[in-house]
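1. Here is a sequence with its predicted model. Questions after.
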Amino acid sequence: MNINKTFPYLVAIIIFVIASVVYFNPVLKGQKIKQTDITQFIGMSKEINDYRAEKKEEPYWTGAAFSGMPAYQLSAYYPNDFIKKLDSLLRFLPRPADYVFLYFLGFFLLLIALNAEWKLAILGALAFGFSTYLIIIFGAGHNAKAHAIGYMPMVLAGVLWIFKKRYLVGFIVTAFAMGLEINANHPQMTYYLGFMILILGIIKLIEAIKEKVYIPFVKQSLIIVFAMVLGLGVNATRLLAMKEYADKSTRGKTELTIEPDGSPKKITNGLSKEYITEYSYGIAETMNLFIPRFMGGGTTEDLGKNTEFYKAIKAKYGTRAANEYSKQALTYWGEQTVIEAPAYIGAVLVFLFLLGAFLVKGTLKKWLVATTIFSIVLSWGKNFDIVTNLFIDFVPLYNKFRAVSSIQVIAEICIPLLGILALKEFFSKSVAAEDKKNALKKSFYILGGIAVFFILFGSSLFAFEGFRDGTLKQFNIDRLQDALIADRKAMLFNDSLRTLLLISAAFAILWFFLKEKVSYTKAVIAFGIIILFDLVSINLTYVNKDSFEKARNIDTPFQPNAIDKEILKDKGYYRVANLNASLFQDGRTSYFHKSIGGYHAAKLKRYQELYDFHFTKNLNLEVLNMLNTRYVIFPNQGKVTFQKNPDANGSAWFVAELKKVASANQEIKALDSLQTKKVAVIDASKFKVSSSFEKDTTATIQLIKYDVNSLTYQSNTEKNQFAVFSEIYYKEGWNAYVDGKLTPHFRVNYVLRGMEIPSGKHTIEFKFEPTVIKKGNTITLASYVLLLLIPVGWFFYKKKQA
């Protein structure tokens, strides 16, 4: 081993470990970060985890949420998932320090692939990893997003190595990094990564056409594609399961052509435009990338005592009230519904990015500038709907993802990357001093001028009024909004001044380097200091030691209350409707009970539609009954209470009649007046079954065994009957058996299962047996074989040629 070659990498890893755990130092005490989404996830996945611990196998289904749903996009471990084991090795630090370490490591490799000197690569890695957006997503619990972002630079490193004709290392890195990226399980981030690679490929293609060097480009492109295919292949089980579920989820195509109010429905093969663009970045709000609290920071901020808002509250209600309310002041005055913090990339890094736009030449500059503009424009969403609508309507898969503001993650990669490449060029002797000076001056004049402009005129450019300001009326204080507006103006002034000082410091470092007053190493250290100060000081406002709690509080976030304890005395099989919470934003109920609600971004589409039609305006009690809702929790005169529903249909029941309809519209509307204990509705265009059955008053059917992925019933009838089961119909996995013989079952009542039961005494069993797991596992194993054999064969082939 050549110690001189390995030393920089060892130093880098040590620095990355230290930086990760120092920022999140409470993890050293065994504490864990509070994360809203993860808290809900713990509730949603408890039944799965309990089953996994007891049976030592995967259920791939849960009955604890939304009356039942596949677990593929909730919590699922797949066979022969070796790439997950590799991921676990890389994420050896406590969470969330592990994800930040990935940020650092991936970006470091990307800069090494671009021949950056190791000190600059470390600087760039720290600058990327501490970007405010990448830190604040931990507070919301967006772990999968952070996980996927961590591997994005690593994939890009592999692709760039291939384009630099380092085929073996490029192939290996691309394939494994792509496998890790897919394993992170955040399709939206992976999709955005695809845009970055596509834009790079287009630029490379144009250059190949101009230079008439087609063969190398085709060869490199094929290697990249094949490496990525193998990265996808090792995740085949995960991807096939995800694709299967996505088609049935809210991301898939609806069969309905009407809205709940009866009006025509605009048919989309994906999410609605309103839902996709709900979180759209404001055009002016883009200045947040450069001036952190340009629009007031997060939705709420702690304003402190030396503010007009604090003084106004104190004058009316006293110090105690002022201290309390000023900690949650509505400082954000943009149009997004909720934001944790501004997506601040850093004043120094934006300055270096512009410097790179002037100083860096060739493919990389074209790619990074074009991709940055692309991501920012698309992040505007409904605020620039000419482009957004074009992408929603015509770009494949774009309409499958919401929160278009998230595409700014591309800029989060490109801006620090071009910024560090700018330093690489600036510190290089191959670039003329005059060119460096001109680029430096232009960058400072432009960005310094913008900062000065907002210092001088920012307070008079906007109204500084937020859409939530109407809630200030509850304080009954004259001109309280004016006080808050004054504080918003002060935030813009102060942060504009802060930005000016930071870019002036960056300018000074580079100017002194040009004048040979500062050495290369000292300049790099100086940039490290101001960049870390710039980013970390902002980050600590939003994610800090107060974001952590004792591990046991995080691991077991829910404790049963009196209502839970009372309901849990019932050891039968039933569901609970918690109307005291937002039914479809509630993971807590699933922690203790089988809930008709839950918390998930991609619910089964038909179940979401059932909710939209029969729960949102008027609660359809018959629908509640057919879901076997035995207990209802609800608010009552300022308190929370519960009530047993004596009319719940139970786990299964016989109906005397099948009402046949010809469309999804008719099927869901039939539930408006359906007596679900006597009649079931079925879409006859999809299922062929007899419409009436002779009534048998002595017929019985009951659930005798419940397991997460199997349910066993016993029936006893004198005549053939039709049974309805209070279970969600999902044909891509659930099979029905009568006395061990596979028997067809049908979708009834829009979401439930139904089947003909022959006369006599029978055992009916439903088993969740998804074929997608077996099929995916075969492809996964084949991909691993190729992933190992190809590099080995390549190595020996090249060795033989040498």
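-> Received the coordinates, thanks.
2. From now on I want contacts and neighbour counts done on CA atoms only, so please keep to that.
-> Will do.
3. Figure out the helix or strand that the residue positioned nearest the centre of the chain lives in.
-> With the centre of the chain defined as its mean C-alpha position, the nearest residue by Cα atoms, centre = their mean is residue 145, 4.6 Å away. Here residue 145, judged by DSSP states H and E, is contained in helix 143-163.
4. What's the first helix or strand after that helix?
-> helix 167-183.
5. And that next one, what does it pack against?
-> For helix 167-183, the helices and strands in contact under the criterion 3 or more Cα pairs under 8 Å, 6 or more residues apart in numbering; DSSP states H and E are helix 82-90, helix 143-163, helix 214-233, helix 771-801.
6. Report the angle between it and helix 771-801.
-> Regarding helix 167-183 and helix 771-801, their directions subtend 170 degrees when assessed with axes from the mean of the first three to the mean of the last three Cα atoms, to 10 degrees.
7. Rounded mean pLDDT for helix 167-183, please.
-> Averaged across helix 167-183, pLDDT comes to 95.
8. any idea of the angle that helix forms with helix 82-90?
-> Going by the same axes, to 10 degrees, helix 167-183 makes 90 degrees with helix 82-90.
9. Moving C-terminal from helix 167-183, which element do we reach first?
-> Heading C-terminal from helix 167-183, the first helix or strand you meet, by DSSP H and E, is helix 187-211.
10. Would you mind pulling the contact partners of that following helix?
-> When contacts are taken as Cα atoms under 8 Å, 6 or more residues apart in numbering, the neighbours of helix 187-211 outside the stretch itself are 145, 148-149, 152, 156, 181-182, 214, 217, 221, 363, 366-367, 371, 401, 407, 410.
11. From the chain's centroid, how far away is that helix?
-> Computed by Cα atoms, centre = their mean, to the nearest Å, the chain-centroid distance of helix 187-211 equals 23 Å.
12. Name the residues of that helix that come out as buried.
-> Within helix 187-211, the residues scored as buried using 16 or more other Cα atoms under 10 Å are 187-190, 192-193, 195-197, 199-201, 203-205, 208.
13. which one of these sits closest to residue 306?
-> Sorting these by how near they are to residue 306, with Cα to Cα, puts residue 189 at the top with 40.7 Å.
14. separation between that closest one and residue 405?
-> Residue 189 sits 12 Å away from residue 405 when distances are taken as Cα to Cα, to the nearest Å.
15. Equivalent analysis for residue 185, please.
-> 19 Å.
16. These two - which one has more neighbours?
-> residue 405 (23 against 20; other Cα atoms under 10 Å).
17. I figured residue 668 hits residue 610, correct?
-> Yes. Counting by Cα atoms under 8 Å, residue 610 is a contact partner of residue 668 at 7.2 Å.
18. who touches both of those two?
-> By Cα under 8 Å, 6+ apart, residue 668 and residue 610 have these common neighbours: residue 750.
19. which one of these two has more residues nearby?
-> Neighbours were counted for residue 668 and for residue 610 using other Cα under 10 Å; residue 668 has more, 23 against 19.
20. Tally up the residues packed near the closest residue to that one other than its chain neighbours, please.
-> Of all residues not flanking residue 668 in the chain, residue 750 sits nearest, at 6.0 Å (Cα to Cα, 6 or more residues apart in numbering). Applying other Cα under 10 Å, we find 24 other residues in the vicinity of residue 750.
21. Could you pull up the residues touching residue 750?
-> When contacts are taken as Cα under 8 Å, 6+ apart, residue 750 is in contact with 606, 610, 664, 667, 668, 681, 682.
22. Next: residue 113.
-> With contacts defined as Cα under 8 Å, 6+ apart, the neighbours of residue 113 are 157, 158, 160, 161.
23. Looking at those residues, which is nearest residue 308?
-> Proximity of the contacts of residue 113 to residue 308 was ranked by Cα to Cα; the top entry is residue 157 with 49.4 Å.
24. from memory that closest one sits against residue 105, does it?
-> No. Taking contact to mean Cα under 8 Å, the distance of 11.2 Å between residue 157 and residue 105 leaves them out of contact.
25. on that earlier part again, let's have the contacts of residue 750 in CSV, adding secondary structure.
-> CSV is the format used below for the contacts of residue 750 (DSSP: H, G, I helix; E, B strand; the rest coil):
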residue, secondary structure
606, helix
610, helix
664, helix
667, helix
668, helix
681, strand
682, strand
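26. For those, which single residue is the most surrounded?
-> Of all the contacts of residue 750, the highest neighbour tally under other Cα under 10 Å goes to residue 682, namely 29 neighbours.
27. Check what pLDDT that residue gets.
-> Reading off the model, residue 682 has pLDDT 94.
28. Report the separation between it and residue 780.
-> When residue 682 is compared with residue 780 (using Cα to Cα), they lie 39 Å apart.
29. Any buried residues in the helix or strand hosting residue 325, and which?
-> Element membership of residue 325 [criterion: DSSP H and E] is helix 319-326. Neighbour counts using 16+ other Cα under 10 Å place 322, 323, 325, 326 of helix 319-326 among the buried residues.
30. Over to stretch 538-552?
-> In terms of neighbour count (16+ other Cα under 10 Å), stretch 538-552 has its buried residues at 538, 539, 540, 542, 543, 544, 545, 547, 548, 549, 551.
31. who's in contact with it?
-> Outside stretch 538-552, the residues touching it (Cα under 8 Å, 6+ apart) are 23-26, 30-34, 130, 132, 135-136, 138-139, 292, 340-341.
32. returning to that earlier point: need the next SSE after the helix holding residue 325, C-terminal direction.
-> Downstream of helix 319-326, the first helix or strand assigned by DSSP H and E is helix 347-359.
33. Would you confirm that residue 657 contacts residue 675?
-> No. With contact taken as Cα under 8 Å, residue 657 and residue 675 are classed as non-touching, separated by 10.4 Å.
34. out of those two, which sits in the more crowded spot?
-> residue 657 (19 against 16).
35. so what's the more buried one up against?
-> Here residue 657 is in contact with 678, 679, 680, 691, 692, 693 (criterion: Cα under 8 Å, 6+ apart).
36. If you rank these by neighbours, which is first?
-> residue 680 (29 neighbours).
37. Could you tell me how far that one is located from residue 521?
-> Using Cα to Cα, one obtains 77 Å as the distance from residue 680 to residue 521.
38. ditto for residue 470
-> Using Cα to Cα, one gets 53 Å for the distance from residue 470 to residue 521.
39. next one: residue 649
-> When residue 649 is compared with residue 521 (using Cα to Cα), they lie 75 Å apart.
40. Nearest to residue 433 among the contacts of residue 113?
-> After measuring those against residue 433 - Cα to Cα - the closest member comes out as residue 160, at 28.7 Å.
41. Local confidence estimate at the closest one?
-> Per the predicted model, pLDDT is 97 at residue 160.
42. so it makes contact with residue 170?
-> Yes. Applying Cα under 8 Å, one finds residue 160 in contact with residue 170, separated by 7.3 Å.
43. now the contacts of helix 187-211: which count as buried?
-> Judged by 16+ other Cα under 10 Å, buried ones among the contacts of helix 187-211: 145, 148-149, 152, 156, 181-182, 217, 221, 367, 371, 401, 407, 410.
44. Can I get those in JSON lines including distance to residue 56?
-> What follows is these, written out as JSON lines (distance: Cα to Cα, whole Å):
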{"residue": "145", "distance to residue 56": "28"}
{"residue": "148", "distance to residue 56": "28"}
{"residue": "149", "distance to residue 56": "31"}
{"residue": "152", "distance to residue 56": "33"}
{"residue": "156", "distance to residue 56": "37"}
{"residue": "181", "distance to residue 56": "27"}
{"residue": "182", "distance to residue 56": "25"}
{"residue": "217", "distance to residue 56": "49"}
{"residue": "221", "distance to residue 56": "43"}
{"residue": "367", "distance to residue 56": "48"}
{"residue": "371", "distance to residue 56": "46"}
{"residue": "401", "distance to residue 56": "34"}
{"residue": "407", "distance to residue 56": "39"}
{"residue": "410", "distance to residue 56": "40"}
